[in-house]
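S.K.: With the input below, show me the fold.
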Amino acid sequence: MSARNRFVFRLIIVVLVFFLVWLAWQNISDFRGRPALQRDAAPRTVTARGDLADDEKVTIELFEKAKDSVVFITTRALVRDFWTRNVFSVPRGTGSGFIWDDAGHVITNYHVIEGASEAIVKLSDGSDYKASLTGASPAHDIAVLRISAGFKRPSPVPLGTSGDLRVGQKVFAIGNPFGLDWTLTTGIVSALDRSLSGENGTIEHLIQTDAAINPGNSGGPLLDSAGRLIGINTAIYSPSGASAGIGFAVPVDTLNRVVPQLIKSGAYTRPSLGVELDERINQRLKAALKVEGVVILKVPAGSAALRAGLQGAKITADGELIPGDIITAADGRQVDTVGKLNAALDERTAGETFNLTISRGGKTMEIPVVLQSGK
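M.R.: Here you go, the predicted structure:
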């Protein structure tokens, strides 16, 4: 190609590039430039919605009736300055709760108030009240507070039952996740009779739900479609710390057994067999003996277990362990951990007869035990 032809070719390329750049700039300018105004522009006509769906009406009514009974709890803790030795009250955490009765008792989770020196209860009308601790059961993650100030308290949450719940039922959770007060989430009963291990032992008979439960929901009520209390939201299963569709609630039947005792005496005392048990030792013994159940370690003198004829383990002079009775079932239900046995005891009262199935020397026996008051 001659020098003249190369010059013409390059000129054409340059002109083409400039043209493309100019065209692109024109498009950008047209987009960014001030468009033509339409002087008669007006808001669009709103399309009539029609009536709400029946299930929406039910949910709205349920929330409106229940929200005043739900409270927002903030706690504070005392800390000591290392250098000055002065004591300060600092914010500790938040949670939820609900009105239990007309005496001003408020139910929440034990872990919401654990380690706190002060708790403030905020009602749905925005008013704040200091609350005192009436009693707590760490084993059930339940605590009872009381607002003693003289004022017209909200109505208690209507009480339901949990023993007749079925997987698939609709549930509604109200609480204060992340401090966002009076939040409603919905879901279903995903599973029943779950267990959850924590610092204070294993909680049995939990309700599992997919209703969104996040930090701050703890202590809030779980309601059925009739607006009745069926549980207290207590924990979530989540690697991230936020809702992952698996939440747990302590069933209301447990609340209705434990809370009256906390209000009366400040502590919960479950009926007892009067035997000594230990879950860690139990797990080791089960593995060594290749058995399933709860190994009785000791039967104290004067206990209900001794009167019923139960036998504990023995250690020979040379240190050999001779197993005694191994509880395999309680009232016809299989038990293989101390937590499950305690959960079965929770459903009874002192003075009632508790039927045990035990294994003794390879033989199965049925032994009734009249329960005593105990720890």
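S.K.: Excluding chain neighbours, what is closest to T269?
M.R.: Of all residues beyond its chain neighbours, the one nearest T269 is S373 (6.0 Å), with distances taken as CB to CB, 6 or more residues apart in numbering. Any C-beta I mention is one placed from the backbone N, CA and C, and that applies to glycine too.
S.K.: Next, count neighbours for that neighbour.
M.R.: For S373, the neighbour count with other CB atoms under 10 Å is 13.
S.K.: How about the secondary structure of A139?
M.R.: helix (DSSP: H, G, I helix; E, B strand; the rest coil).
S.K.: For the stretch 251-375 of the chain, which segments count as helices?
M.R.: For the stretch 251-375 of the chain, applying DSSP state H, counting those that start in this stretch gives helices covering 252-265, 279-289, 304-308, 338-346.
S.K.: nearest to T47, of those helices?
M.R.: T47 sits nearest to helix 252-265 of all the helices of the stretch 251-375 of the chain, at 43.1 Å, using CB to CB.
S.K.: For that closest one, which outside residues touch it?
M.R.: 100, 105, 107, 134-137, 140, 142-144, 159-163, 205, 229-232, 267-269, 346-347 (CB atoms under 8 Å, 6 or more residues apart in numbering).
S.K.: rerun at 7 Å
M.R.: Here helix 252-265 makes contact (CB atoms under 7 Å, 6 or more residues apart in numbering) with 100, 105, 107, 134-137, 140, 142, 144, 159-163, 205, 229-232, 268-269, 346.
S.K.: Now restrict those to buried residues only.
M.R.: Among the contacts of helix 252-265, those scoring as buried are 100, 105, 107, 134-137, 140, 142, 144, 160, 162, 205, 229-232, 268, 346 (criterion: 16 or more other CB atoms under 10 Å).
S.K.: Which of those residues fall within strands?
M.R.: In strands, defined here by DSSP state E, the members of those are 105, 107, 134-137, 142, 144, 205, 229-232.
S.K.: Throw the residues you listed into TSV and include pLDDT and distance to L273, thanks.
M.R.: TSV is the format used below for those (pLDDT from 0 to 100; distance: CB to CB, whole Å):
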residue	pLDDT	distance to L273
H105	92	31
I107	93	29
T134	91	28
G135	91	24
A136	91	24
S137	90	19
I142	92	23
V144	93	27
H205	85	19
L229	94	31
I230	93	30
G231	94	28
I232	93	28
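S.K.: Mind putting those residues into CSV with distance to R39?
M.R.: Formatted as CSV, those follow (distance: CB to CB, whole Å):
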residue, distance to R39
H105, 65
I107, 62
T134, 69
G135, 72
A136, 69
S137, 71
I142, 67
V144, 67
H205, 69
L229, 59
I230, 60
G231, 60
I232, 61
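S.K.: on that earlier part again, can you tell me which of the helices of the stretch 251-375 of the chain the model trusts least?
M.R.: Within the helices of the stretch 251-375 of the chain, the stretch with the lowest mean pLDDT is helix 279-289, showing a mean of 80.
S.K.: and that helix, what does it pack onto?
M.R.: strand 294-295, helix 338-346 (3 or more CB pairs under 7 Å, 6 or more residues apart in numbering; DSSP states H and E).
S.K.: Tell me how this structure divides into domains.
M.R.: Using automatic domain parsing, the domain ranges for the chain come out as 63-146, 170-265, 271-373.
S.K.: Contact partners for the spatially most central residue of the chain?
M.R.: Nearest residue to the geometric centre of the chain (CA atoms, centre = their mean): T234, 1.6 Å. Shown in contact with T234 (CB under 7 Å, 6+ apart): 109, 141, 218, 248-250.
S.K.: mind checking the SS state of it?
M.R.: With three-state DSSP as the basis, T234 sits in strand.
S.K.: Strands along the stretch 101-250 of the chain, start to end?
M.R.: All strands of the stretch 101-250 of the chain, identified by DSSP state E, counting those that start in this stretch, fall at 105-108, 118-122, 128-137, 142-146, 170-175, 183-198, 201-209, 221-224, 229-236, 247-251.
S.K.: Return the distance of the first one from the chain's centre.
M.R.: I take that to be strand 105-108. Centroid displacement of strand 105-108 relative to its chain, using CA atoms, centre = their mean, to the nearest Å, is 15 Å.
S.K.: buried ones in the helix or strand where E64 lies?
M.R.: Taking DSSP states H and E as the definition, E64 sits inside helix 54-66. Neighbour counts using 16+ other CB under 10 Å place 58-59, 62-63, 66 of helix 54-66 among the buried residues.
S.K.: Confirm for me that G93 is in contact with R76.
M.R.: No: assessed by CB atoms under 7 Å, G93 is found out of contact with R76, at 9.1 Å.
S.K.: Output the below-cut-off pLDDT ranges for the chain.
M.R.: By pLDDT under 70, the weakly predicted segments of the chain are 1-9, 19, 21-36, 78-92, 149, 151, 179, 200, 236-245, 375.
S.K.: List the contacts of the closest residue to D68 other than its chain neighbours.
M.R.: Nearest residue to D68, sequence neighbours excluded (CB to CB, 6+ apart): P154, at 4.2 Å. Residues near P154 by CB under 7 Å, 6+ apart: 68-69, 99, 123.
S.K.: how about these in CSV, adding distance to L321 and neighbour count?
M.R.: Below are the contacts of P154 laid out as CSV (distance: CB to CB, whole Å; neighbours: other CB atoms under 10 Å):
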residue, distance to L321, neighbour count
D68, 59, 16
S69, 54, 23
I99, 52, 23
L123, 58, 18
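S.K.: which among the residues you listed gets closest to G319?
M.R.: The shortest approach to G319 among the contacts of P154 belongs to I99, at 57.2 Å (CB to CB).
S.K.: Just list whatever residues bridge to the closest one.
M.R.: For I99, the beta-bridge partners under DSSP bridges are V106.
S.K.: Please name the nearest non-neighbouring residue to A329.
M.R.: Closest to A329 by CB to CB, 6+ apart is T357, at 3.7 Å.
S.K.: wouldn't the one you found be in contact with E366 here?
M.R.: Yes: counting by CB under 7 Å, T357 touches E366, with 5.8 Å between them.
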